[in-house]
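no sequence for this one, just the structure:
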């Protein structure tokens, strides 16, 4: 028996090895595709096809690294597919690279070389890093060369990625935070479901009424925020507060974090007070968890990304309302900073590949592509013309809440605060803010928690500046 | 007393087995549920429809990933067996000077946290131009101290007389190795093979770092691709992915369990 | 007589030096693959890590500012690294003894000679075949605050639902539970193998003299099993120090850095914050810790081990 097993293993592995090697030589394996896998067909088969085509008419291939998984990946691959079929000069090859961080890590190592992808999707907080890296070609150079009219795109999104009057990357998946609330719960608690709370004070009062307790057990909390730095940044910005000095790093290199000012403190105090009053539900740092909590009516109001609105509205067994994110009554409402990611073009690669990347970027901006993207994923359309497309209008009729997210973005007042901070160590800063938030939820004094986070952020900023001088 | 003891044993066996196996069963059940059923917090799905599995396969080239995982794991398994066997042979049958020191150095590599070497290794792979290659997924893992250790422990139990007899019979050392050592230590080889296969199959961070496209990606990365960040995850599909990923290794484990257990025990004992 | 003996001795030493060389040569041949691979993928990177730990790195990851021991000074005084150390120690304490005891218990059960025990052995060892990524995802759902089965069970019997992954104290426990579950398969298999190697005669004579089950356990099983247990504990310790995947999937080191185990902290420093210098310093620190623990274990643990 033992002998047999061993023999079996050895022959099997040998066989595999040999077949695999011969397969490698041919470049591809015979596919096990079934007929019903059309659109999302195996990428390798796609590559195979494109290889063949290239041999025939010399198409330019450009690799596109993205970090979209799940339905985002499906949609992006469909759009790329459409692009590849819409013309016969270029082929874009989409490749998933893990999370934004992981994709960026890999890019760091191949950046500036021939191996670099033509396009890489990078999250918004990586903007400063990418600009400084020297591995990228600002899309502005192509815009200037071609006289491409960029003004058709959403101004408030462009603002984020424009640094020193140069548009460095092409905005892509863009989202902003919004507040989602349970309309049925509002009615039940005697609140007007058409008039959601606007300010911190109003949130506090509404949450008081919305919270349902059963002895020690809180069945429903009034309000929740995901433990994610982005939401804190937004709540500070909407009050007009800055995250770092030198106008959020926009007028000059940021040297100090300032998010522990009065605006930041107000946000943390709100969380702290509500937490102590038992009206604030903590559902951790996982997007899915807080959404599930809302849908199972464990929390009545929460902040979510605009990209998550459609899914939540459709899945929730109750009427969902969407509102602007709240602001402090001691400040004015300024609006929101754009979140999400943008597409960067590598330098150091073939010009033909850059051209392919640029053509693809332009294709992406088209109202049709953007309409599809907006509907599939819930991310904004970066081209407002897409909102007039029939498919979007139909979708909005189905889910009118989506409109609120767009309005909030379009009403945003352009300023340094809402333009968003530029810091090379942003990921670390964000992590510090999350830790501070979690500490406050465990009872640390808000000011103390914020000061600690600022101190840590300053240290890494200083260190990064030292290393890069 | 005579009846009581087996009854208690069975009771305990069943209870613990249910607990230990529960997560797998749970994942299995969830993989058949729709999003709404999940939200209602059901435990048993209403019907066993395969929609989630279909989605998982549609979304990703999972079959290709499975093949890659299988190939990479098999190559690593073979590589580890050969490299470790050679080293273990030297440690046992060749009385060279400094043997103990070299052996200690080998064993000490077990203590180097893999993450501590990850960054330079990644750069090495890149310089070798092994990114997106099967080499980068296999060759760095061929040498494994645990394997050398395990085989050495078993080789030590080969009676000295056998070696002496073969020396007298004029067997060259390779022949001795092939004819005597391998048959004598089959269990250890099977054990190490299974161990190598399983650990390679389960690798996660490294394949993600050194592969950029679907050609050579392994199935654990597929699992990661099924989860999402900013948009809602479909848990049913994710769990379907989990089941797809664990079934091959579970089958392997069920088949080789006895050998594995014997071999591991021998390694641990001596 | 005398001369022949001398002659013999001479030839023996001559052969010795000749053989020594042959041994050396063949040993090197046999060891060469391992030596090359270890050098390229373990020793060289370890050396490089040590080197990087004395530098600040720029955004491309190049070491360009020599700072001496500053990285070490920083991590040793930084509160967040203290938290990491504390979390790692707690994690080791939570997982290693519990994991070994549970596996031992299961192995004792599965070592009973009764019908159908094979199925149970297979089930107990099954977790070895489940990858870190897969098991962590399943447990993530089990711990889910509202949809997860654990909280549903608790609330259905009238308890207060627990913030498994959200409260700093519970989060580490949850990650530990997941880890213990994942490691049961491997430990179980080894311990069961060890149990089966114990000579049956020992039990027979104990039974004849009327010793109770627990007496046998204490006086025969545990001592005879000690080398196996020693091995399991060593491997579990090393594994516990190197835990990464489940933290990444379950908690990302939070809340309040309570599950930010050292390896995860290294990963974050290196791949999220791009501070290869501090990350390397942490790696070296971890290496030294594991080394010390292993040496201590061999020094004090092996004394208690009973060899046949």
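Thanks, I have the structure now. In this text the structure is predicted, and so the values were computed from the model without any measurement.

Walk me through the domains of chain A.
Recorded structural domains for chain A (assignment: automatic domain parsing) are A:58-175+A:339-396, A:177-335+A:425-468.

Now do the same for the longest one: mean pLDDT, whole number.
Per-residue pLDDT values over domain A:177-335+A:425-468 give a mean of 91.

picking that back up, so can I have CSV of the domains of chain A showing distance to residue C:154 and mean neighbour count?
(Glycine included, C-beta is placed from N, CA and C.) Listed next are these as CSV, based on distance: least, C-beta to C-beta, whole Å; neighbours: other C-beta atoms under 10 Å in any protein chain shown:
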stretch, distance to residue C:154, mean neighbour count
domain A:58-175+A:339-396, 30, 20
domain A:177-335+A:425-468, 10, 21
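
remind me, longest helix of chain B?
In chain B, with assignment by DSSP state H, the single longest helix is helix B:235-269.

how distant is it from the center of its chain?
8 Å (C-alpha atoms, centre = their mean, to the nearest Å).

would you turn the domains of chain A into JSON lines with distance to residue B:138?
Output for those, formatted as JSON lines (distance: least, C-beta to C-beta, whole Å):
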{"stretch": "domain A:58-175+A:339-396", "distance to residue B:138": "20"}
{"stretch": "domain A:177-335+A:425-468", "distance to residue B:138": "32"}
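
Out of those, flag the one nearest residue B:259.
Checking the domains of chain A against residue B:259 by C-beta to C-beta gives domain A:58-175+A:339-396 as the closest, at 35.8 Å.

so is the most centrally placed residue in chain C in a helix, a strand, or just coil?
With distances taken as C-alpha atoms, centre = their mean, the residue of chain C nearest its centroid is residue C:239 (2.1 Å). For residue C:239, the assignment made with DSSP: H, G, I helix; E, B strand; the rest coil gives helix.

Was I right to think it contacts residue C:183?
Yes: with contact defined as C-beta atoms under 8 Å, residue C:239 and residue C:183 form a contacting pair (6.8 Å).

Can you name the next helix or strand after the least confident helix or strand in chain B by mean pLDDT?
Ranked by mean pLDDT, DSSP states H and E, the helix or strand of chain B with the weakest confidence is helix B:35-39, at a mean of 75. Towards the C-terminus, the helix or strand next in line after helix B:35-39, according to DSSP states H and E, is helix B:51-59.

gap between the helix or strand following that next one and the chain center?
Using DSSP H and E, the helix or strand that follows helix B:51-59 in sequence is helix B:62-93. Mean-position distance between helix B:62-93 and its chain equals 10 Å (C-alpha atoms, centre = their mean).

Can you give me the distance of the spatially closest residue to residue A:285 that is not a sequence neighbour to chain B?
Sequence neighbours aside, residue A:227 is the residue nearest to residue A:285 in space, at 4.1 Å (criterion: C-beta to C-beta, 6 or more residues apart in numbering or on different chains). Distance, residue A:227 to chain B, using C-beta to the nearest C-beta, to the nearest Å: 14 Å.

isn't residue A:227 right up against residue A:437?
Yes: assessed by C-beta under 8 Å, residue A:227 is found in contact with residue A:437 at 5.5 Å.

now the residue nearest to residue A:285, what's its secondary structure?
coil.

can you pull the contacts of it?
When contacts are counted by C-beta atoms under 8 Å, 6 or more residues apart in numbering or on different chains, residue A:227 touches A:282, A:284-285, A:434, A:437-438, A:441, C:254-255.

Can you read off the backbone torsions of it?
Phi and psi for residue A:227, reported as degrees, to the nearest 10, are phi -80, psi 80.

now swap in residue A:163 and tell me
Torsion angles at residue A:163 (phi, psi; degrees, to the nearest 10) stand at phi -130, psi 130.

now do the one 4 residues further on
Dihedral angles phi and psi of residue A:167 (degrees, to the nearest 10) take the values phi -90, psi 110.

pLDDT wise, what is residue 7 at?
No chain was given, so I picked chain A. With respect to pLDDT, residue A:7 scores 39.

Chain C was what I was after
On the pLDDT scale, residue C:7 gets 52.

Looking from chain B, tell me which residue of chain C is nearest.
For chain C, the residue closest to chain B is residue C:193, as judged by C-beta to the nearest C-beta, at 2.3 Å.

Helix or strand: which one has that residue?
Using DSSP H and E, the element containing residue C:193 is helix C:168-196.

swap in residue A:453?
helix A:446-468.

what about that helix, near chain B?
No: judged by C-beta under 8 Å from any C-beta of the partner chain, helix A:446-468 stays clear of chain B, getting no closer than 15.6 Å.

And the contacts of that helix?
Against helix A:446-468 from outside (C-beta under 8 Å, 6+ apart): A:132, A:244, A:253-260, A:264-265, A:268-269, A:271-272, A:423-425, A:428-429, A:432-433, A:435-437, A:439-440, C:56-59, C:64-65, C:80, C:273-275, C:277.

ok so residue C:108 is a helix residue?
Yes: checked against three-state DSSP, residue C:108 lies within a helix.

Now for it, how many residues are close by?
Residues contacting residue C:108 under the criterion other C-beta atoms under 10 Å in any protein chain shown number 18.

Residue C:127 too?
Count around residue C:127 with other C-beta under 10 Å applied: 24.

list the contacts for the closest residue to it other than its chain neighbours?
Leaving aside its chain neighbours, residue C:127 sits nearest to residue C:185 (3.7 Å; criterion: C-beta to C-beta, 6+ apart). Neighbour list for residue C:185: B:253, C:124-130 [criterion: C-beta under 8 Å, 6+ apart].

what do you get for residue C:151?
Going by C-beta under 8 Å, 6+ apart, residue C:151 touches C:144-145, C:161-162, C:164.

Relative to residue A:391, how far out is it?
Taking C-beta to C-beta, to the nearest Å as the measure, residue C:151 falls 40 Å from residue A:391.
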